[in-house]
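S.K.: Here's a sequence, model it:
(one chain, ligands or ions: 1)
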Amino acid sequence: MSSESASTRCGVVAVLGAPNAGKSTLVNQLVGQKVAITSAKAQTTRAKMLGIALHEQTQMILVDTPGIFAPRRRLDRAMVSAAWEGAEAADAVLLLVDPIKQRRHELEPLLGSLAGRPERKILVLNKVDRAKKEPLLALAQDLSAKADFEQIFFVSALTGDGVPEMKAALAAMMPEGVWHYPEDQVSDASERLLAAEITREQLYKQLHEELPYDSAVRPELYKHRPDGSLEIHQQIVVGRETQRPIVLGKGGSRIKMIGEAARAELSELLGVEVHLFLHVKVSENWAEDKELFEEIGLDWVK
Ligand SMILES: Nc1nc2c(ncn2[C@@H]2O[C@H](COP(=O)(O)OP(=O)(O)OP(=O)(O)O)[C@@H](O)[C@H]2O)c(=O)[nH]1
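M.R.: Residues are numbered from 1 along each chain as shown. Sure thing, here's the model as predicted:
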């Protein structure tokens, strides 16, 4: 695809951590730019891409595994297995721990399930700017006895301390291969997907169970206009012809409301004016459509 060089590497990193461990902060450090993903979006149903990190000739696709901790409801349990499916397709799993507020009740079950898994694992103790050295080392020892971590890192996602070393080590764990995302798309990739995610959320919010699970939002165009505003075109893909009028609503009223709500949210998140154009496409076998999966950031799910 993007690169011909045999020496490039590309892989998927599943980032795990209890709430508040500092995942977003770390992802921003690794990606090296502000990624507009908020914790409010944490409970989506599928594993999602957090961002793309580059290190020399290596591209790392960072993915989230939502709802992985202590699922209570049935829906949450389904999400956990979906999350693990994501992790299964990952090349490495990064477990991020806040050594001060460890949330052991959430950490322990995760460590238990990590232990038997085939992925390469690294343990990252965060917030070293606030943690004391000795308990930190004791914690590292304690946790490393519970899963076969290849390496342990001490970082501050906030200050960036220790992050470059960790990033380089992670990059070395990625398999050789061509880059999955062309270089010129990387900077916008997270935002493109976020934009699609927001529209998808509105679809579910406004249509509830009227719309079956097998619908998707596909990013088509993401363009910065000279006046600083953003022009975004997206396709709402549904599985059956009968679903088209549901999404459109009477005289197009529903799709207009979906678009308006998504546009407002996106504009607030990104801090710029957004022009959002939506249209519906019927594609019976979209769930089999590899290319579409790639575009919506799910390419790594088998
Ligand atoms: N002192 C310190 N604070 C940090 C560090 N990393 C993250 N934080 C803070 O910890 C809090 C949680 O960070 P987030 O990055 O939002 O955590 P998260 O894991 O993405 O949280 P969820 O979205 O709830 O899963 C924020 O207040 C961060 O500023 C760090 O290295 N040092």
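
S.K.: and Q151, how many neighbours does it have?
M.R.: Here the number of neighbours of Q151 (other C-beta atoms under 10 Å) works out to 16. Any C-beta I mention is one placed from the backbone N, CA and C, and that applies to glycine too.

S.K.: My read is that it contacts A168, right?
M.R.: No. Q151 lies out of contact with A168 (C-beta atoms under 8 Å); the separation is 11.0 Å.

S.K.: can you tell me which residues contact the residue in the chain sticking out farthest from the centre?
M.R.: Distance from the C-alpha centroid of the chain peaks at G251, with 35.1 Å (C-alpha atoms, centre = their mean). Taking C-beta atoms under 8 Å, 6 or more residues apart in numbering, we find G251 in contact with no residue.

S.K.: and it, that's in a strand?
M.R.: No. Secondary structure of G251 (DSSP: H, G, I helix; E, B strand; the rest coil): helix, not part of a strand.

S.K.: what about it, distance to R9?
M.R.: From G251 across to R9, the span is 51 Å (C-beta to C-beta, to the nearest Å).

S.K.: go on, D148?
M.R.: Separation of D148 from R9 (C-beta to C-beta): 22 Å.

S.K.: Neighbour count for these two, which is higher?
M.R.: Neighbour count, other C-beta under 10 Å: between D148 and R9, R9 has more, with 20 against 12.

S.K.: you'd agree that one is up against L170?
M.R.: No. Contact criterion C-beta under 8 Å: R9 and L170 do not qualify, at 10.5 Å.

S.K.: Check which element follows the helix-or-strand element of the chain with minimal mean pLDDT along the chain.
M.R.: Here the helix or strand of the chain ranked lowest by mean pLDDT, DSSP states H and E is helix 74-88, holding a mean of 49. Using DSSP states H and E, the helix or strand that follows helix 74-88 in sequence is strand 92-97.

S.K.: Could I get the buried residue list for the helix or strand following that next one?
M.R.: Helices and strands here follow DSSP H and E; after strand 92-97, the next one along the chain is helix 104-115. By 16 or more other C-beta atoms under 10 Å, the buried positions in helix 104-115 come out as 107, 110-111, 114.
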